[in-house]
Structures are given as C-alpha cells and as structure tokens.
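**Student:** Quick one: sequence and predicted model below, then my questions.
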Amino acid sequence: MPGVSNQKTEAALRDSLEKKGGFKLSRQLKNGETGPDIIAIENNSKEFYIEVIGYKKSPPARSRDFYTVFFGAISRIKDGAKHCVIALPDLFEIGLPARVRQYGRLAWQRIGQAFPELEIWLVDVDKKEYKKTKWNDWLKN
C-alpha cells in the first residue's frame, strides 16, 4: 500500500475546506513552528483545531503517528478548542475498526466520553474531499 505524506494530506484538506466555502483558514505553519496544523473557522463562528498526519507504509510508524496526533489534538483543549480534529488520509478507514478492537471498545468509548470535542476526519487526497466523523462513531464498525 502506498504512503501519503503529511504535506499532501494537509494540502488536500486545505483545498477542500477552501472550496467548500464558509471556511477561513490559518496560514500554513513553517518548519519548526508549533501550533495546530490548521485552524478552520466555519461561517465566522465554529472553530476547528486540526492536526494532520499522513499514511506511512510501516504499521509501527502509523501507530506512532496516530498516538502523536491524538495527543496533539487533545492538547488544543488548553487553547479553548471545542472541535479537536485528527485529519488523516482515508486509507486509515480500513484500519480504524481494528484499532478500536485492539484498544478495546470500552477504552475507545471512554476516550470519546472524556474528549467529546474529538473528531476524526478522513481525507481523500485524490478527490480533495473529506468526511467528518466523531471519535465514537468508530464504535459502530
């Protein structure tokens, strides 16, 4: 399975958010800068703090990236985020139900309860589209 870079994922998501309309986006971070990868403001009111990862070929590397992006996303709560988004290539859609089973449905559910602002967005990097899901939506699979 091919890899998808963080940069390609972020570019596709930015393009999709801009085309959808109603979103104002933060500028792209430069190397070494900290903060959310994207702050997307919808209709001048709803703010989404978005952390982006790509899809690495190596399963252990994908897991490390997932842990890192998870903690990056929930750390935005300290900034007042009401919507903390993990944005990743839609290739992750195949493996997310297995990840839920691996960690246990109860643990996954408790994370969703503890962080109701946590969302997972799946980015189709080719079509430049995305699908929003809530963390606990993955319990249905």
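**Tutor:** The structure has been received and is ready for your questions.
**Student:** ok, and the closest non-adjacent residue to Glu18?
**Tutor:** Leu25 (6.6 Å; CB to CB, 6 or more residues apart in numbering). C-beta here means a position set from N, CA and C on the backbone, and glycine is covered the same way.
**Student:** who's in contact with the one you found?
**Tutor:** Neighbouring residues of Leu25 by CB atoms under 8 Å, 6 or more residues apart in numbering: Arg14, Leu17, Glu18, Ile38, Ile39, Ala40, Ile41.
**Student:** and it, what pLDDT?
**Tutor:** Here, the pLDDT recorded for Leu25 equals 90.
**Student:** that older thread, strands - which of the contacts of Leu25 land there?
**Tutor:** Ile38, Ile39, Ala40, Ile41 (DSSP state E).
**Student:** and the residue nearest to the second one when sequence neighbours are not counted, how many neighbours?
**Tutor:** Pointing back at Ile39 there. Leaving aside its chain neighbours, Ile39 sits nearest to Ser26 (4.1 Å; criterion: CB to CB, 6+ apart). A count of neighbours around Ser26, defined by other CB atoms under 10 Å, yields 16.
**Student:** With just CA atoms, put the helix or strand that contains Thr9 into CSV.
**Tutor:** Assigned by DSSP states H and E, Thr9 falls within helix 6-20. Output of helix 6-20 as CSV, limited to C-alpha atoms (Å, rounded to 0.1, in the frame of the first residue of the first chain):
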residue,chain,number,x,y,z
ASN,A,6,1.5,14.8,5.8
GLN,A,7,2.0,17.7,3.4
LYS,A,8,-0.1,16.1,0.7
THR,A,9,-2.9,15.3,3.2
GLU,A,10,-2.8,18.9,4.6
ALA,A,11,-2.8,20.4,1.1
ALA,A,12,-5.8,18.3,0.0
LEU,A,13,-7.7,19.2,3.2
ARG,A,14,-7.0,22.9,2.8
ASP,A,15,-8.1,22.8,-0.8
SER,A,16,-11.3,21.0,0.2
LEU,A,17,-12.1,23.4,3.0
GLU,A,18,-11.5,26.4,0.8
LYS,A,19,-13.7,25.1,-2.0
LYS,A,20,-16.5,24.1,0.3
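**Student:** Lovely, talk soon.
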